[in-house]
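Chemist: sequence unknown, structure follows:
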């Protein structure tokens with residue numbers, strides 16, 4: 001029989017963005033006159049621009065041909081990496097130094113998996129939730145203690161420190 005990862009039990013119920021949305025809805029219902037600027041995650045409000053959809057359609061069409069098929073390339077398509085090198089970095093980084101991924105959430109999880117449960121973790125505070133949440137199932141963080149996870153070093157970023165954390169508080173060999 002397979003056993004569930006015991007670290008999963010340490011995950012705090014509730015994710016930040018649904019909680020923000022819930023509180024925003026409750027506040028809006030109680031204060032219909034309020035004008036709310038939401039800083040939570042939202043859905044898009046406008047359609048994708050025609051030049052972008054045309055590019056997506058053309059790219060998909062190419063993949064349906066022998067000449068246009070590229071297969072998977074772990075580091076991302078060379079043409080895209082070349083364009084990023086030139087457009088954003090004026091060639092200061094070569095295309096082989098540029099990696100195209102499927103997003104920061106996945107990459108953070110992969111880094112934590114690479115280093116494992118015994119590696120201390122530190123995060124800026126406030127922090128994007130996935131930086132913290134990914135530490136829990138891997139075992140780098142343990143029980144929820146009301147507002148923080150035990151085993152994570154939180155580095156406050158406040159007006160008092162010009163929003164730059166005190167790096168002297170880092171544990172040795174820490175994943176930041």
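Modeler: Cool, got the structure. The shown structure was predicted, so the numbers you read here are calculated from the model rather than taken from an experiment.

Chemist: state the distance from residue 156 to residue 72.
Modeler: With distances taken as C-beta to C-beta, to the nearest Å, residue 156 is found 41 Å from residue 72. Quick note: C-beta positions are derived from backbone N, CA and C, even for glycine.

Chemist: mind checking which of those two has more residues around it?
Modeler: Between residue 156 and residue 72, counting by other C-beta atoms under 10 Å, residue 156 is the more crowded of the two (13 against 6).

Chemist: now do the helices in the chain.
Modeler: Here the chain has its helices, by DSSP state H, at 16-30, 50-63, 78-89, 104-115, 129-133, 135-138.

Chemist: give me whichever of these is most buried.
Modeler: helix 135-138 (a mean of 22; mean count of other C-beta atoms under 10 Å).

Chemist: any idea how far the lowest-mean-pLDDT helix or strand in the chain is from the chain center?
Modeler: One helix or strand of the chain scores below all others by mean pLDDT, DSSP states H and E: helix 129-133, with a mean of 79. Here the centre of helix 129-133 is set off from its chain's centre by 8 Å, with C-alpha atoms, centre = their mean, to the nearest Å.

Chemist: repeat for stretch 149-158
Modeler: 17 Å.

Chemist: distance between the ends of it?
Modeler: End-to-end distance for stretch 149-158, by C-alpha to C-alpha, to the nearest Å: 20 Å.

Chemist: who's in contact with that stretch?
Modeler: Here stretch 149-158 makes contact (C-beta atoms under 8 Å, 6 or more residues apart in numbering) with 10, 12, 120-127, 132, 135-136, 140-144, 148, 163-167, 169-171, 174.
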